Structures are given as structure tokens and as C-alpha cells.
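> Provided below are the primary sequence and the corresponding predicted coordinates.
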Amino acid sequence: MTVLRVILADQLSAQLEVVARAEKGKDVFLLAEVMAEAIYVRHHVKKIAFQFSAMRHFAEALKSAGYKVRYVGLEDDGNSQSLGGEILRAVEALRPSRILITEPGEWRLRDDFEALRLALPVPFDILPDTRFLCSHAEFEAWAVGRRELRMEYFYREMRRRHHLLMEPDGKPSGGRWNYDAENRKPPRAGLDSPRRLSFRKDAITLAVLDLVRRRLPENYGRLEPFHFAVTRQQALRELDHFITHILPGFGDYQDAMIRAEPYLRHSLLAAYINAGLLYPLEVCRKAEDAYREGHAPLNATEGFIRQILGWRAFVRGIYWRFMPGYVDSNALEAREPLPWFYWSGDTNMACMKEAFQHTFDHAYSHHIQRLMITGNFALLAGIDPKAVHEWYLAVYADAYEWVEAPNTIGMALHADGGLLASKPYAASGNYIKRMSNFCDGCAYDPSVSIGENACPFNALYWDFLARHRGRFSGNARMPYVYANWDKMGADKQTALRSQAEAHRVAMREGRL
Ligand SMILES: Cc1cc2nc3c(=O)[nH]c(=O)nc-3n(C[C@H](O)[C@H](O)[C@H](O)COP(=O)(O)OP(=O)(O)OC[C@H]3O[C@@H](n4cnc5c(N)ncnc54)[C@H](O)[C@@H]3O)c2cc1C
Ligand code: SF4
């Protein structure tokens, strides 16, 4: 009897049980491009093109290996344009004895599939996603009974469990767990991005680019040039290129930002790991090998591995533990609507404009731009977290709710009240001036807090701290900040708060 094996756009991994246990010539794989998923937020056109092309290539590889595949293209006759609808159509056409799917990465879809499971006349099993470095049960076992969930402690346990950067005596390589203090150098003169790979567009990718151009005119972003890897082989080349040429410098300038240099020494691997073209463990092991062979220093290797083994696995644990309510969190009661310049890029703030340009052009901006520029601004200005979350979910090629939502709602906006991060990542223009060259040539001046040319990050920063004093003044990591605020005196404090309100008015009126 035929088993229908459903594969979603971010499940393009031969290791998954749904794929690995299939019987050739008997079982049928279902992959479907549907409008409901392409437009439920204004996804970046590069993200959709990457997903469709990678799905089509994955389907071709399955067919070449002798499997039966039911591939539903976006424009195919009868496409119901929803995932549930395509499963129902496949059941009617193929009469399978059973349906298998890997757990989706979004609560919304898991809920939909649970409902479908009850409605279908055939057994429908949702299998665990075994690619992640920590299962739901393992995260729960770690989290239960803890007063606070902190990535650093989780990460140490993950290092031990996966034997990454561990020495035979059970101690961390180099004697320390974390080398972050060495990874915060401001940009030096002449720092730029190493060369990046660009993959040849074959007939499949060209057809997808044409499809996306015609059918998704309302979606966000620039479609071409399109450089993405769309097969596992290409993604492996991207990984090798990173390990060989870029990893050695990954650590030092991890937090630096430079005009017209979107990538610097970041890996660009998140889109491939999240879609399933690369496995997180193989990526970490290759990085560790580079360190053991003397090719990459420890601060770079540890910093890189921590992002995947620590942060990536940790945010997934947070997402599933606190959903479905997590995406509605608004602990700081932020209510400002998302300013239109998040979509248009039309702002006088050079740092924000730069981050928006990278985002629009590449469906990418690196972590510090997401966190300390666009995220920091939304935090300080008090923008509604749900609207900010939907923006981040739409605009990056690596964005899937399980990873995007905790990063946005928890890390960037502190809207979860500190579940994910012990203190808000709030910073004034000073930080941006130190870590980037964006302020040179900006309409605003980072050293000015009040007046016509005042950097908006400054007054908004102090106003944010003043508004939330009740919540943060007791935080062990923040007393010096409030001591500085108190030293200013009442007149300066009032002037800063009026200036912050003036920035908010300008933001609402599209003048900022
Ligand atoms: C507001 C906000 C939204 C974000 N949204 C996403 C998202 O939708 N999808 C996503 O994958 N990451 C997201 N991140 C985390 C991080 O910014 C991206 O993973 C990273 O920028 C991707 O680029 P890269 O592959 O070059 O990463 P690198 O800087 O090279 O890092 C290496 C790898 O570590 C992992 N990683 C690094 N930081 C994180 C993190 N905080 N959480 C999870 N994994 C991490 C990624 O797999 C990444 O490929 C977000 C961060 C913030 C602050
Ligand atoms: S002056 Fe302020 S707004 Fe302008 S780039 Fe610097 S930090 Fe950004």
C-alpha cells in the first residue's frame, strides 16, 4: 500500500525519516508550492524563489533516485493553493494507506495538520524533526524547575552532549566556555567582505524567477541578482567556502557594521540550515575540525559554534515551550504602529537606511544589524512587537517562525518580559557610532541628543529607560545606567523626554 510522504519547503533533508524510510516505486512524495504560504506575510521575493527552486531541485533528485513524486507547481491546474488542500487532493487521487509528515516549524501549521489529522479517513502521522540538536523532550528536561532559562548554561550542556570543543578531561577547549569578549572589535579601516560564491542559475531556477516575478508582484524585495545555492551540493560548497576562507576571521569583527558591506565575515548559512540543505551538526563539526587542524582560531570557532549549538537550539526550545501565546507577548506594552520606512527604507537615519537596503537587496542583514539597528530602534520607539515580528518573518531568506519569533520578540524587543534575555538590548547612537561607519554622513549627529540634528537613538534610549524604570532598575546588569540618568538632573531629563516624543511624532508622520 502507498504511503504519502509530505515534504515542506524547509524539510529538504534526506536524513528525515519521512524521506529516508520511503519505498521506491511504491510510496509517493508530495511537495506543493501554494499561494497561502507565499503571501501570508509579504515574504521577500528572493526567499520564495530560493524555496521554490530548492524544492524543485529536491524533487528532481528524488525522481532521479527512483522515487515517485507528486510535485504541485504554483500555476498547476487544480492547485488548491493551501497545504491542507493539496494533501486532501493527493489523498483523493492516490488513496494512500497512510500519510507521514515531519513536524512543521510553525505552531500555525502544526495546528492545521493536527486538525487535518482528525478529519482524514487515513492515518496521518506527524513525526519529530530529528535534525535539531535538542529535541522537545530534551529541552523540557533541561528547562523544567529552573528559575530562569539562560542560553549560556544550556549551551554548556549542549557542548558536553555533542562533544563539541571538549577536551578528554571534560573541560572546554582552551579552558573557557565562551570567548565572546574577544569578538566585539569595532570595524578597522579597510575591513570589507571576502569574496562570496554565486551559483549559476539553471533552467529550474530561471523558471522560478520568472514565476515569482509574474505571480508575486506585491511581495517585498529585489529579486535579482539571485546568488543562492539551491541544492545540497551547492550549499556544501558554500559551507566549505566559509570554513576555508571566512571562519578564521569570523570572531574578531562579528559585531562590526560597514556601509555597503552586508556580509563581512558572517557565514550566510542560516537559510540553508533552516531549509534542510545543511545539517546543524555537520556545520559545527566542520568548524571544529578547522580549529583542531590549526586553520581557525578558538575565538572564531567557539563564537560560530555557539550561535548554532547554543542560540539556534535554545530559541527553538523557547518557541515551542511558550507557544501559542509567545507571539502575542507585549510585556513592555509597546503600541506604536510599524513605521512605513521599515518597508520603504525611506528614512534619514543612515544606519536604518543601510540595514533596510541590505534587507531589500539581499533578503539578508547580519545579526547585529537585525538586533542593534532595526531591532533596537523598534524597542526604543515602542513599536508593537507583533508588527515587528511579522516584518522580520517576511523580509529574511532564513526566516521561519520558530527561530525568528524568539529572536524578535524575546531578544530584540524584550516583549517576553525577559524569558529569553536577562536584559534588554537597548543602545544609544554611541554604540552604533563605535561599531559602524554609518554615522559619517548621516543627517543626524550621534553626539547630539537634543535639537534639530539630534540622533534619534539618543533621546529614545533615555526615554525608554525612564519609561521602564520600574521594571529594569532592579536588574543587576543595569544600575550604572540609571545612575547616569539620575546624574543628569530634572531639566535635562525633561528635555530628553520631550525630544523623544518629537522623534515619535516625526516617525508617525514619516519625517524621521
Ligand atoms: C530580530 C532578529 C530576527 C532574527 N531572525 C532570524 C530568522 O528568522 N532566522 C534565523 O535563522 N535567524 C534569525 N536571527 C538570528 C541571526 O541574526 C541569523 O541567524 C543570522 O544573522 C543569519 O546570518 P548568517 O547565516 O550569516 O549567520 P552567522 O552570523 O554566520 O551565524 C552562524 C549561524 O548561527 C546561527 N545563528 C546565529 N545567531 C542566531 C540566533 N540568534 N538564533 C538562531 N540561530 C542563530 C544561524 O544558523 C547562522 O547561520 C534573528 C536575529 C534577530 C536579532
Ligand atoms: S547618527 Fe544616529 S541615526 Fe544617524 S547613523 Fe548614527 S546612530 Fe544612526
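Perfect, I can see it now. Model, not experiment: these values are computed from the prediction. Ligands and ions are numbered 1, 2, ... in the order given.
> For stretch 379-391, buried residues please.
379-391 (16 or more other C-beta atoms under 10 Å). (C-beta placed from N, C-alpha, C; glycine too.)
> For it, what does the pLDDT average out to?
The average pLDDT within stretch 379-391 is 98.
> Ok, stretch 492-503 next?
Mean predicted confidence for stretch 492-503 is 98.
> Go through the buried residues of stretch 379-391 and name the one nearest ligand 2.
Leu380 (11.2 Å; C-beta to the nearest ligand atom).
> quick one: contacts for Tyr396?
44, 47, 359, 363-365, 370, 404 (C-beta atoms under 8 Å, 6 or more residues apart in numbering).
> same for ligand 1: which of those are within range?
Among these, the residues lying close to ligand 1 (C-beta under 6 Å from any ligand atom) are 370, 404.
> And the contacts of Tyr396, which of them are buried?
44, 47, 359, 363-365, 370, 404.
> Out of the buried residues of stretch 379-391, which two are the most distant from each other?
Longest distance between any two of these is 19.4 Å, between Leu380 and Glu390; criterion C-beta to C-beta.
> Let me know whether my guess that Ile101 is in a strand holds.
Yes - secondary structure of Ile101 (DSSP: H, G, I helix; E, B strand; the rest coil): part of a strand.
> Any residues of this protein in contact with ligand 1? List them.
266-270, 273-274, 304, 307-308, 311-312, 315, 366-367, 370-371, 375, 392, 396, 398-399, 403-404, 407-408, 411-412.
> ok, back up a step: want to throw the contacts of Tyr396 into TSV with pLDDT and distance to ligand 2?
Compiled in TSV, the contacts of Tyr396 are given as follows (pLDDT from 0 to 100; distance: C-beta to the nearest ligand atom, whole Å):
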residue	pLDDT	distance to ligand 2
His44	98	23
Lys47	98	27
Thr359	98	16
Ala363	98	22
Tyr364	98	20
Ser365	96	14
Arg370	98	15
Glu404	98	24
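> will you turn the contacts of Tyr396 into TSV that also has distance to Phe464?
TSV is the format used below for the contacts of Tyr396 (distance: C-beta to C-beta, whole Å):
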residue	distance to Phe464
His44	29
Lys47	31
Thr359	23
Ala363	29
Tyr364	27
Ser365	22
Arg370	18
Glu404	23
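> From the contacts of Tyr396, which land in helices?
47, 359, 404 (DSSP state H).
> For ligand 1, what's the nearest residue on the stretch 51-200 of the chain?
Closest point on the stretch 51-200 of the chain to ligand 1, by C-beta to the nearest ligand atom, is Met151, at 8.9 Å.
> Strands of the stretch 101-250 of the chain, residue ranges please.
If DSSP state E, counting those that start in this stretch is used as the criterion, the strands of the stretch 101-250 of the chain fall at 124-127.
> So which residues of it form helices?
107-119, 136-143, 151-162, 203-215, 232-241 (DSSP state H, counting those that start in this stretch).
> One more: the stretch 251-400 of the chain?
270-275, 280-292, 298-305, 313-322, 341-344, 350-362, 367-368, 376-381, 385-395.
> Nearest to Ile450 among those helices would be which one?
Among the helices of the stretch 251-400 of the chain, helix 376-381 sits nearest to Ile450 (C-beta to C-beta), with 15.7 Å.
> Give the buried residues for stretch 117-131.
For stretch 117-131, a neighbour-count test (16+ other C-beta under 10 Å) marks 117, 120, 124, 126, 129, 131 as buried.
> next one: stretch 288-300
Using 16+ other C-beta under 10 Å as the test for burial, stretch 288-300 gives 288, 290-291, 296-300.
> can I get those in CSV with pLDDT?
Formatted as CSV, the buried residues of stretch 288-300 follow (pLDDT from 0 to 100):
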residue, pLDDT
Glu288, 98
Ala290, 98
Tyr291, 98
Ala296, 96
Pro297, 96
Leu298, 96
Asn299, 95
Ala300, 95
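> List just the nearest of the residues you listed to ligand 1.
Distances from ligand 1 to these, taken by C-beta to the nearest ligand atom, are shortest for Ala300, at 10.7 Å.
> one step back: indicate which one of the helices of the stretch 101-250 of the chain is closest to ligand 2.
Among those, helix 151-162 sits nearest to ligand 2 (C-beta to the nearest ligand atom), with 27.2 Å.
> Average pLDDT for the closest one, rounded please.
97.
> So which residues make contact with that helix?
Residues from elsewhere that reach helix 151-162 (C-beta under 8 Å, 6+ apart): 133-134, 142, 164-166, 170, 172, 177-178, 281, 284, 306, 309-311, 313-314, 317, 420.
> Got a PyMOL select line for the buried ones in the residues you listed?
Here is the PyMOL selection string for the buried members of those, based on 16+ other C-beta under 10 Å:
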select buried, resi 133+134+142+164+165+172+177+178+284+306+309+310+311+313+314+317+420
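> can you tell me which residues contact Phe242?
267-269.
> let's go with 7 Å and repeat that
Contact analysis of Phe242 by C-beta atoms under 7 Å, 6 or more residues apart in numbering lists 267, 269.
> 555 is where my numbering starts, stick with that
Renumbered: residue one is now 555, and that last one reads Phe796.
> Read off the pLDDT value for Cys993.
So, for Cys993, pLDDT stands at 97.
> For the residue nearest to Met1032 when sequence neighbours are not counted, the count of nearby residues, please.
Of all residues not flanking Met1032 in the chain, Phe1026 sits nearest, at 5.3 Å (C-beta to C-beta, 6 or more residues apart in numbering). When neighbours are defined as other C-beta atoms under 10 Å, Phe1026 has 21 of them.
> Arg889 now?
The burial count for Arg889: 11, using other C-beta under 10 Å.
> That one touches Ile937, doesn't it?
No - contact criterion C-beta atoms under 7 Å: Arg889 and Ile937 do not qualify, at 8.4 Å.
> Show me what from this structure comes close to ligand 2.
Contact residues (C-beta under 6 Å from any ligand atom) of the chain with ligand 2: 903-905, 983, 986-987, 992-993, 996, 998-1000, 1009-1011.
> change it to 8 Å
Near ligand 2, the residues belonging to the chain are 902-906, 908, 927, 983, 986-987, 990, 992-993, 996-1000, 1009-1012 when assessed by C-beta under 8 Å from any ligand atom.
> could you flag which of the residues you listed are buried?
For the residues of the chain next to ligand 2, buried by 16+ other C-beta under 10 Å: 903-906, 908, 927, 983, 986-987, 990, 992-993, 996, 998-1000, 1009-1012.
> So which of those sit within strands?
The members of these all map outside strands under DSSP state E.
> List the ones among those residues that fall in helices.
When these are checked against helices (DSSP H), the matches are 904-906, 908, 983, 986-987, 1010-1012.
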